[in-house]
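>>> Structure for the following, please:
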Amino acid sequence: MKQPIVSAFVVTLLLAATAPANAQETSTASPEGENVQGQDSQEESADGQTLSDVVPAEGFSNDTIDDEKIDSFIQAVSMIGQVSAHYNKLVEEAENDDRRAFLVETANKDIVKAINAAPNITPSEFVAIDQASQNDKELSDRILGRMAEIRAENRPKERLRFSEPAAEPAE
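Residues are numbered from 1 along each chain as shown. The predicted structure follows:
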(Lines give C-alpha, C1' and ligand atoms only; values in the text may rest on other atoms or scores of the structure.)
Protein backbone atom coordinates (compact mmCIF):
# COMPACT_ATOMS: atom_id res chain seq x y z
CA MET A 1 0.00 0.00 0.00
CA LYS A 2 1.29 3.46 -0.93
CA GLN A 3 2.17 5.64 2.06
CA PRO A 4 1.92 9.44 2.38
CA ILE A 5 4.92 11.13 0.80
CA VAL A 6 6.70 13.52 3.14
CA SER A 7 10.34 13.64 4.16
CA ALA A 8 11.75 12.90 7.58
CA PHE A 9 12.43 16.63 7.98
CA VAL A 10 8.78 17.51 7.31
CA VAL A 11 7.73 14.83 9.83
CA THR A 12 10.07 16.46 12.38
CA LEU A 13 8.48 19.83 11.67
CA LEU A 14 5.01 18.32 11.99
CA LEU A 15 5.88 16.89 15.39
CA ALA A 16 7.27 20.24 16.50
CA ALA A 17 4.22 22.09 15.15
CA THR A 18 1.74 19.86 16.94
CA ALA A 19 3.41 20.02 20.34
CA PRO A 20 1.12 21.31 23.13
CA ALA A 21 2.49 24.88 23.06
CA ASN A 22 0.58 25.54 19.85
CA ALA A 23 -2.98 25.13 21.08
CA GLN A 24 -4.67 28.15 19.49
CA GLU A 25 -6.12 27.54 16.00
CA THR A 26 -8.21 29.57 13.60
CA SER A 27 -10.13 28.75 10.47
CA THR A 28 -9.43 30.28 7.07
CA ALA A 29 -11.60 27.89 5.12
CA SER A 30 -14.64 29.32 3.44
CA PRO A 31 -17.85 29.35 5.45
CA GLU A 32 -19.19 26.73 3.07
CA GLY A 33 -16.40 24.34 4.17
CA GLU A 34 -14.89 23.94 0.71
CA ASN A 35 -12.06 21.52 0.02
CA VAL A 36 -8.47 22.71 0.24
CA GLN A 37 -7.81 24.84 -2.84
CA GLY A 38 -5.04 27.24 -3.87
CA GLN A 39 -6.35 30.77 -4.04
CA ASP A 40 -3.85 32.76 -6.08
CA SER A 41 -2.21 32.83 -9.48
CA GLN A 42 0.92 31.00 -8.27
CA GLU A 43 -1.05 27.75 -7.94
CA GLU A 44 0.43 24.85 -9.85
CA SER A 45 -1.86 22.34 -11.47
CA ALA A 46 -2.61 19.81 -8.74
CA ASP A 47 -5.15 17.62 -10.49
CA GLY A 48 -4.15 14.15 -9.39
CA GLN A 49 -0.64 15.27 -8.48
CA THR A 50 1.26 14.01 -5.42
CA LEU A 51 4.55 15.31 -4.03
CA SER A 52 6.38 12.45 -5.74
CA ASP A 53 5.17 13.93 -9.06
CA VAL A 54 6.49 17.43 -8.26
CA VAL A 55 9.76 18.53 -9.85
CA PRO A 56 11.72 20.63 -7.33
CA ALA A 57 12.47 24.24 -8.24
CA GLU A 58 16.15 24.98 -8.80
CA GLY A 59 18.43 27.37 -6.98
CA PHE A 60 17.14 26.98 -3.43
CA SER A 61 19.70 27.10 -0.62
CA ASN A 62 20.04 28.73 2.77
CA ASP A 63 21.61 31.75 1.04
CA THR A 64 18.76 32.19 -1.47
CA ILE A 65 15.70 31.49 0.71
CA ASP A 66 14.32 34.60 2.43
CA ASP A 67 12.47 34.69 5.74
CA GLU A 68 9.09 35.13 4.03
CA LYS A 69 9.63 31.90 2.07
CA ILE A 70 10.64 30.11 5.29
CA ASP A 71 7.39 31.29 6.91
CA SER A 72 5.42 30.07 3.88
CA PHE A 73 7.18 26.70 4.05
CA ILE A 74 6.30 26.39 7.74
CA GLN A 75 2.68 27.35 7.03
CA ALA A 76 2.53 24.68 4.30
CA VAL A 77 3.95 22.11 6.74
CA SER A 78 1.22 23.04 9.22
CA MET A 79 -1.41 22.57 6.54
CA ILE A 80 0.11 19.20 5.59
CA GLY A 81 -0.20 18.23 9.25
CA GLN A 82 -3.91 18.96 9.10
CA VAL A 83 -4.29 16.82 5.98
CA SER A 84 -2.38 14.03 7.70
CA ALA A 85 -4.45 14.22 10.88
CA HIS A 86 -7.69 14.18 8.90
CA TYR A 87 -6.78 11.17 6.79
CA ASN A 88 -4.94 9.15 9.46
CA LYS A 89 -8.21 8.69 11.33
CA LEU A 90 -10.06 7.71 8.16
CA VAL A 91 -7.33 5.24 7.16
CA GLU A 92 -7.38 3.64 10.62
CA GLU A 93 -11.15 3.22 10.41
CA ALA A 94 -11.19 1.94 6.80
CA GLU A 95 -12.86 -1.42 6.39
CA ASN A 96 -10.40 -2.93 3.88
CA ASP A 97 -7.05 -2.49 2.14
CA ASP A 98 -8.60 -1.09 -1.04
CA ARG A 99 -10.32 1.66 0.93
CA ARG A 100 -7.11 2.38 2.87
CA ALA A 101 -5.10 2.63 -0.36
CA PHE A 102 -7.72 4.95 -1.86
CA LEU A 103 -7.64 7.19 1.22
CA VAL A 104 -3.82 7.34 1.25
CA GLU A 105 -3.78 8.29 -2.44
CA THR A 106 -6.43 10.96 -1.82
CA ALA A 107 -4.42 12.28 1.14
CA ASN A 108 -1.29 12.49 -1.00
CA LYS A 109 -3.17 14.56 -3.58
CA ASP A 110 -4.62 16.79 -0.86
CA ILE A 111 -1.09 17.44 0.44
CA VAL A 112 -0.28 19.16 -2.86
CA LYS A 113 -3.56 21.08 -2.68
CA ALA A 114 -2.67 22.19 0.86
CA ILE A 115 0.71 23.47 -0.30
CA ASN A 116 -1.02 25.36 -3.12
CA ALA A 117 -3.33 26.93 -0.52
CA ALA A 118 -0.37 28.27 1.47
CA PRO A 119 0.64 31.80 0.49
CA ASN A 120 3.86 32.57 -1.39
CA ILE A 121 4.97 28.98 -2.06
CA THR A 122 4.42 26.42 -4.80
CA PRO A 123 4.75 22.66 -4.51
CA SER A 124 7.98 22.88 -6.56
CA GLU A 125 9.42 25.43 -4.13
CA PHE A 126 8.21 23.39 -1.15
CA VAL A 127 9.95 20.24 -2.40
CA ALA A 128 13.12 22.22 -3.21
CA ILE A 129 13.24 23.75 0.30
CA ASP A 130 12.50 20.37 1.88
CA GLN A 131 15.30 18.71 -0.08
CA ALA A 132 17.72 21.56 0.58
CA SER A 133 16.97 21.42 4.32
CA GLN A 134 17.84 17.72 4.41
CA ASN A 135 21.33 18.46 3.07
CA ASP A 136 21.98 21.82 4.75
CA LYS A 137 22.07 21.83 8.55
CA GLU A 138 22.18 25.62 8.63
CA LEU A 139 18.93 25.80 6.64
CA SER A 140 17.20 23.12 8.71
CA ASP A 141 18.31 24.87 11.92
CA ARG A 142 16.98 28.15 10.51
CA ILE A 143 13.60 26.58 9.72
CA LEU A 144 13.39 24.89 13.13
CA GLY A 145 14.42 28.16 14.82
CA ARG A 146 11.75 30.11 12.99
CA MET A 147 9.17 27.48 13.89
CA ALA A 148 10.15 27.84 17.55
CA GLU A 149 9.73 31.63 17.26
CA ILE A 150 6.27 31.19 15.77
CA ARG A 151 5.28 28.78 18.54
CA ALA A 152 6.60 31.22 21.15
CA GLU A 153 4.46 33.96 19.62
CA ASN A 154 1.54 31.49 19.83
CA ARG A 155 0.60 32.47 16.29
CA PRO A 156 -2.59 30.73 15.22
CA LYS A 157 -2.14 28.23 12.42
CA GLU A 158 -4.38 27.73 9.42
CA ARG A 159 -7.32 25.40 9.93
CA LEU A 160 -8.63 23.56 6.90
CA ARG A 161 -11.94 21.84 6.31
CA PHE A 162 -12.36 18.74 4.22
CA SER A 163 -15.24 17.11 2.46
CA GLU A 164 -15.51 13.35 2.80
CA PRO A 165 -14.02 11.36 -0.09
CA ALA A 166 -16.26 9.24 -2.28
CA ALA A 167 -17.62 6.11 -0.65
CA GLU A 168 -15.72 3.83 -3.04
CA PRO A 169 -12.61 4.35 -5.14
CA ALA A 170 -13.28 5.16 -8.79
CA GLU A 171 -12.54 2.26 -11.08
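>>> C-terminal to the longest helix along the chain, which secondary structure element comes first?
Among the segments of the chain that qualify as a helix by DSSP state H, the longest is helix 67-93. Sequence-wise, the next helix or strand downstream of helix 67-93 (DSSP states H and E) is helix 97-117.
>>> The helix or strand harbouring Ala132 vs helix 97-117, what angle?
Assigned by DSSP H and E, Ala132 belongs to helix 123-135. Counting by axes from the mean of the first three to the mean of the last three C-alpha atoms, to 10 degrees, helix 123-135 lies at 100 degrees to helix 97-117.
>>> I'd like the mean pLDDT over helix 123-135, please.
Throughout helix 123-135, pLDDT has a mean value of 94.
>>> now stretch 86-103
Stretch 86-103 comes out at a mean pLDDT of 92.
>>> Pull out the buried positions in that stretch.
Residues of stretch 86-103 classed as buried: 86-87, 90-91, 94, 99-100, 102-103 (neighbour count, 16 or more other C-beta atoms under 10 Å). (C-beta placed from N, C-alpha, C; glycine too.)
>>> mind putting those in JSON lines, distance to Val54 included?
Converted to JSON lines, the buried residues of stretch 86-103 look like this (distance: C-beta to C-beta, whole Å):
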{"residue": "His86", "distance to Val54": "21"}
{"residue": "Tyr87", "distance to Val54": "19"}
{"residue": "Leu90", "distance to Val54": "24"}
{"residue": "Val91", "distance to Val54": "22"}
{"residue": "Ala94", "distance to Val54": "26"}
{"residue": "Arg99", "distance to Val54": "26"}
{"residue": "Arg100", "distance to Val54": "24"}
{"residue": "Phe102", "distance to Val54": "21"}
{"residue": "Leu103", "distance to Val54": "21"}
